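Student: Please find the sequence and the predicted model below.
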Amino acid sequence: MKNIKQLFAAILCVVALSGCAEVKPWQRNILAQQEMQIVPDPVESYVDDHIYFSKEAATGGKGVGGGGCGCN
């Protein structure tokens with residue numbers, strides 16, 4: 001019974017991972033669009049981080065310098 005469960009789990013993993021095929025060339029255009037990026041606008045992300053860390057009076061690991069006064 002234990003071997004059957006392990007075999008079933010292995011088959012399930014193989015079936016689940018078979019859907020992870022490589023990206024086709026015509027799909028790369030869609031993935032390269034601005035909306036698909038993790039950070040769509042790096043400048044806006046930097047400004048948001050700067051405002052957040054200025055208000056919090058602390059810096060996180062993002063490389064934003066300064067303190068609570070907001071005077072960088």
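Tutor: Received, thanks. Residues are numbered from 1 along each chain as shown.
Student: ok, now how distant is Tyr46 from Gln27?
Tutor: Per CB to CB, to the nearest Å, Tyr46 is found 30 Å from Gln27. For every residue, glycine as well, the C-beta is placed using N, CA and C.
Student: in this protein, which helix has the most residues?
Tutor: helix 2-18 (DSSP state H).
Student: can you list contacts of the next helix or strand after that helix?
Tutor: Toward the C-terminus, helix 2-18 is succeeded by helix 25-31 as the next helix or strand (DSSP states H and E). With CB atoms under 8 Å, 6 or more residues apart in numbering as the test, helix 25-31 has contacts from 23, 36.
Student: Quick one: distance of helix 25-31 to the chain centre.
Tutor: In terms of CA atoms, centre = their mean, to the nearest Å, the gap separating the centre of helix 25-31 from the centre of its chain is 18 Å.
Student: helix/strand/coil for the residue most central in space within the chain?
Tutor: For the chain, the residue nearest the mean C-alpha position is Ile38 (5.6 Å; CA atoms, centre = their mean). Assigned state for Ile38: coil (three-state reduction, DSSP: H, G, I helix; E, B strand; the rest coil).
Student: Quick check: phi and psi at it.
Tutor: Dihedral pair for Ile38: phi -60, psi -40, per degrees, to the nearest 10.
Student: hang on, the earlier thing: then the longest helix of the chain to CSV, C-alphas only?
Tutor: C-alpha atoms of helix 2-18 as CSV (Å, rounded to 0.1, in the frame of the first residue of the first chain):
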residue,chain,number,x,y,z
LYS,A,2,2.9,2.4,0.8
ASN,A,3,4.5,1.7,-2.5
ILE,A,4,1.3,2.4,-4.4
LYS,A,5,1.0,5.8,-2.6
GLN,A,6,4.6,6.7,-3.5
LEU,A,7,4.1,5.6,-7.1
PHE,A,8,0.9,7.7,-7.3
ALA,A,9,2.7,10.7,-5.8
ALA,A,10,5.5,10.3,-8.3
ILE,A,11,3.1,10.1,-11.2
LEU,A,12,1.2,13.1,-9.9
CYS,A,13,4.4,15.1,-9.7
VAL,A,14,5.5,14.2,-13.3
VAL,A,15,2.0,15.1,-14.6
ALA,A,16,2.1,18.4,-12.7
LEU,A,17,5.6,19.3,-13.9
SER,A,18,4.9,18.4,-17.5
